[in-house]
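*Asks:* Only the shape, not the letters, is given here:
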């Protein structure tokens, strides 16, 4: 028999041996007894989880009750009546200032620009019929004292007559003349003389 035949036969035998060993191992049964085994309690499900994996406790915030804003209530307080003895006494309104009127040099005729002032004065006097006024006639420094006294009186009379024509009673008015004795302005100029030629109303 040749060498090649010996190798083939050896291989066949080796394969059969391996198959027989595998069949025997598969048919064997592993038998263990209770004594061979020892029980070791395993970790509980909570212990098995790592500490880092445990969920953090949930903090429940206390809910703040909603702020309730009540509407302001206006309570009307009854007004106590004021006793007659404590009631305020109405004061009489003082008469407003009356307007002066001015004249031309050596004249006592009412000028056009003086009419509006006299009309305003008449309205005030008629609204307060109990008030009496004094109409003063004035002149500038030129001329004699006697002449200016007469001229001042005529100017006061002209103003009083105009007020009478507007409805002011004569009983409310008195007239006088100061001539050049009580000048309003002491300067020696035309502007100053013009301010002195006037009818002045006082109470």
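*Replies:* It's in. Treat the numbers as computed from the prediction; the structure is a model and nothing was measured.
*Asks:* in the chain, which spans are strands?
*Replies:* For the chain, the strands defined by DSSP state E cover 101-102, 133-138, 173-179, 198-202.
*Asks:* Provide a list of residues in contact with the residue nearest to residue 105 when sequence neighbours are not counted.
*Replies:* Residue nearest to residue 105 in three dimensions, not counting chain neighbours: residue 197, with 6.8 Å by CB to CB, 6 or more residues apart in numbering. For glycine as for every other residue, the C-beta is placed from the backbone atoms N, C-alpha and C. Going by CB atoms under 8 Å, 6 or more residues apart in numbering, residue 197 touches 102, 103, 104, 105, 138, 139, 140, 155.
*Asks:* Which members of those are positioned in helices?
*Replies:* residue 155 (DSSP state H).
*Asks:* Residue 99 is in contact with residue 198, correct?
*Replies:* No - with contact defined as CB atoms under 8 Å, residue 198 does not count as touching residue 99 (10.3 Å).
*Asks:* who has more neighbours, those two?
*Replies:* residue 198 (21 against 16; other CB atoms under 10 Å).
*Asks:* State the distance from that one to residue 117.
*Replies:* Relative to residue 117, residue 198 is positioned 11 Å away (CB to CB, to the nearest Å).
*Asks:* okay, and the common contacts of those two?
*Replies:* 100, 101.
*Asks:* ok, which stretches of this structure are helices?
*Replies:* With DSSP H as the criterion, the chain has helices spanning 3-27, 45-48, 112-127, 145-165, 190-196.
*Asks:* Perfect, that will be all.
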